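J.: Take this sequence and fold it.
(one chain, ligands or ions: 2)
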Amino acid sequence: MGGGGMRKRVKRMSEIVKIFDTTLRDGEQSPGATMNIAEKVRIAQQLEKLNVDIIEAGFPISSEGDFEAVKAISQAIRRSEVAALARANPQDVDRAWEAIKEAKFPRIHTFISTSDIHLKHQLKKTKEEVIKIAAQSVGRSKRYTPNVEFSAMDATRSDIKFLSAVIEAAIQAGATTINIPDTVGYAIPSEFGELIRTLKQNVKGIGKVTLSIHCHNDLGLAVANSLSAIQNGVRQVECTVNGIGERAGNASLEEIVMAIRTRKDLFRFHTRINPKHLFTTSRLVSKITGMVVQPNKAIVGANAFAHESGIHQDGILKEKLTYEIMTPQTVGIPKTSLILGKLSGRHAFRERLKDLGYELSGEDLEKAFKRFKQLADKKRDIYDEDIESIVVEEILRMPKRFKLDYLNVIAGNITVPTATVKMEVDGKLIQEAGFGDGPVDAVFKTIKKITRTRSKLLQFAINAITGGTEAQGEVTVRLEERGYTVIGQGADTDVLVASAKAYINALNKMEFKKQKLVGM
Ligand code: KIV
Ligand code: ZN
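T.: Ligands and ions are numbered 1, 2, ... in the order given. Have a look, this model is predicted:
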């Protein structure tokens, strides 16, 4: 593969590969990544701006919160299709439709398992029953919308004859998209490509539907499997921003999009994604979910375009192509982070917000601007990262049951760390004081006393949002209660205030999470 040869344009018709984003559904199944309705709508709007074809907004029957979020997204999104997930039963399908019926382009996504392991241990159903249920569920969905997707869960560990029979039944019942999930991330690329080829050859009617894949990353092969499937005839790929999702996550949207784009000499395909929004989208999802992006993450990691060795730096200075296969600007990484400060006015602040992808007006803009001014009084330079954290904390987070009102901590090398905390709990002000092994421990114990909560602290991490000693500290906490995990985040120039905010954010998320009725 010579460099020159690789870059030659091959004149062939380029086909569209649809991007089906499931950050708000499978992505939210990442341990701790619970989002509230406002946060989900914000991410959906960003996905629409990115130009994703289909947004899977949630699993409406799983909880009242999920139902309301899917409904709000259906009302807010006008260009992308909005999909709702439903197990193959009438209640799930009816609830899914109820949630998406106001969408401009609604889609019901119904699924049932097809592997022997799942049939025997989880579903406790015969193969004949599963074929019948799949067809019935697609049929019921068709009564509501012509746009119906059917998924054969655990397809890659299923008997191919049976898998083909289920898919055939779903197509006959009217499914317009057939999805082949690698639910447990078991497949390898050559095998997955072969599976797609075999299905395309053997399943009656498969030529008239869109074939889709959904790969999990348990062996680190989700993106490779997705690309192999695309090369073998798949025209819809299911993925998530930053690759978040159940266990090791899903195939990463940004990696798939940029692989197809960068290697257009190999792929006869393109996506509708505008890559300029990839970086902002990644940052937004990371901020909202609390799932930190690893520095060496492809495309959007902090080091993805950093050249460390002398030889590489020398090459880059002479000619970027020596060590760069795509430019950071293509994926929207700004050349320099614009700095705002104490003297910046409302107009400059609003313009910067717009560049970062936030269109705020009225009360929201005023709230964010007030917080910006408070921060600028404490900190000379305000960077993009500071502005993002203001928006996420002030506008999107919307504290529900618990809110911090006042915090005072006494600590030092000879005093017993003591915290006095005043909080709003369901609108009522409560004040308490408490001791701890250290100042953070004192703060957390006092908050626990006020909120009467029992969550166990699994992880506490602190990061500087930007450089310098005056930087805001960003605290991330992971809490666990009754088997549920949540991640909370808080930022402030005072790390104890940031810790209290992160802890309270996590407690609010836990309250939200407890409403979930059905797990997956
Ligand atoms: O991983 C999986 O099989 C799923 C289905 C619901 C598509 O998420
Ligand atoms: Zn999945």
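J.: rest of the way, CA atoms for contacts and neighbours
T.: OK.
J.: any idea where the strands of the stretch 201-350 of the chain begin and end?
T.: 210-215, 236-239, 269-270 (DSSP state E, counting those that start in this stretch).
J.: Over the first one, what's the mean pLDDT, rounded is fine.
T.: Strand 210-215 shows an average pLDDT of 98 in the prediction.
J.: who touches it?
T.: For strand 210-215, contacts defined as Cα atoms under 8 Å, 6 or more residues apart in numbering pick out 176-183, 185, 222-223, 225-226, 229, 233-239, 250-251.
J.: these two touch, right, A83 and A57?
T.: Yes - counting by Cα atoms under 8 Å, A83 does reach A57; the two are 6.0 Å apart.
J.: circling back: nearest to E246, of the strands of the stretch 201-350 of the chain?
T.: Of all the strands of the stretch 201-350 of the chain, it is strand 210-215 that lies closest to E246, at 10.9 Å by Cα to Cα.
J.: near ligand 1, which residues of the stretch 1-150 of the chain show up?
T.: Residues of the stretch 1-150 of the chain lying near ligand 1 by Cα under 6 Å from any ligand atom: D26.
J.: Please enumerate the helices of the stretch 1-150 of the chain.
T.: Ranges of helices in the stretch 1-150 of the chain, per DSSP state H, counting those that start in this stretch, are 3-7, 37-50, 64-76, 90-100, 116-118, 127-144.
J.: With the stretch 151-300 of the chain instead?
T.: Secondary structure of the stretch 151-300 of the chain (DSSP H, counting those that start in this stretch): helices at 160-172, 189-202, 222-231, 253-262, 278-289.
J.: Of those helices, which is nearest ligand 1?
T.: Ligand 1 lies closest, by Cα to the nearest ligand atom, to one member of the helices of the stretch 151-300 of the chain: helix 222-231, at 11.3 Å.
J.: Name the residues of the closest one that are buried.
T.: Neighbour counts using 16 or more other Cα atoms under 10 Å place A222, V223, A224, N225, S226, L227, S228, A229, I230, Q231 of helix 222-231 among the buried residues.
J.: and S113, how many neighbours?
T.: Per other Cα atoms under 10 Å, the neighbour tally for S113 reads 24.
J.: Can you verify my assumption that it contacts A152?
T.: Yes - in this structure, S113 is within contact of A152 by Cα under 8 Å, at 5.5 Å.
J.: And for D441, nearest residue in space, chain neighbours not counted?
T.: Nearest residue to D441 in three dimensions, chain neighbours excluded: F435, at 7.8 Å (Cα to Cα, 6 or more residues apart in numbering).
J.: for L353, same thing?
T.: E359 (6.8 Å).
J.: Need the per-residue pLDDT for that neighbour.
T.: pLDDT for E359: 82.
J.: Report the separation between it and K428.
T.: 33 Å (Cα to Cα, to the nearest Å).
J.: of the two, who's got more company?
T.: Remark: of E359 and K428, E359 carries more neighbours, 13 against 10, as counted by other Cα under 10 Å.
J.: Count the neighbours of the closest residue to ligand 1 within the stretch 301-450 of the chain for me.
T.: Distances between the stretch 301-450 of the chain and ligand 1 by Cα to the nearest ligand atom are smallest at G301, namely 25.0 Å. A count of nearby residues for G301, using other Cα under 10 Å, gives 18.
J.: what does A348 give?
T.: Using other Cα under 10 Å, A348 is surrounded by 12 other residues.
J.: now swap in Q122 and tell me
T.: By other Cα under 10 Å, the residues close to Q122 number 10.
J.: The nearest residue to R397 once chain neighbours are set aside: what's it in contact with?
T.: The shortest distance from R397 to any non-neighbouring residue, by Cα to Cα, 6+ apart, is to E39 (7.0 Å). When contacts are counted by Cα under 8 Å, 6+ apart, E39 touches I288, L396, R397.
J.: likewise R235?
T.: Applying Cα under 8 Å, 6+ apart, we find R235 in contact with I16, V17, K18, T210, L211, S212.
J.: top of the residues you listed by neighbour count?
T.: If you count neighbours using other Cα under 10 Å, the busiest of the contacts of R235 is S212, which has 27 neighbours.
J.: returning to that earlier point: what's the separation between the residue nearest to L353 and I100?
T.: From E359 over to I100 the distance is 25 Å, taken as Cα to Cα.
J.: Spatially nearest residue to the residue of the stretch 51-200 of the chain found nearest ligand 1 (excluding sequence neighbours)?
T.: Across the stretch 51-200 of the chain, no residue is closer to ligand 1 than T183, which sits at 3.7 Å (Cα to the nearest ligand atom). Leaving out its chain neighbours, the residue that sits closest to T183 by Cα to Cα, 6+ apart is D154, at 4.9 Å.
J.: burial measure for that neighbour, as a count.
T.: Applying other Cα under 10 Å, we find 22 residues neighbouring D154.
J.: Tell me the one among the buried residues of helix 222-231 nearest to P439.
T.: Of all the buried residues of helix 222-231, P439 sits closest to A222, with 42.7 Å by Cα to Cα.
J.: and the residue nearest to T176 when sequence neighbours are not counted, what does it touch?
T.: For T176, ignoring the flanking residues on the chain, the nearest one in space by Cα to Cα, 6+ apart is V209 at 4.9 Å. Contacts for V209 (Cα under 8 Å, 6+ apart) come out as I171, A175, T176, T177, I178.
J.: Having no further points to raise, I will conclude here.
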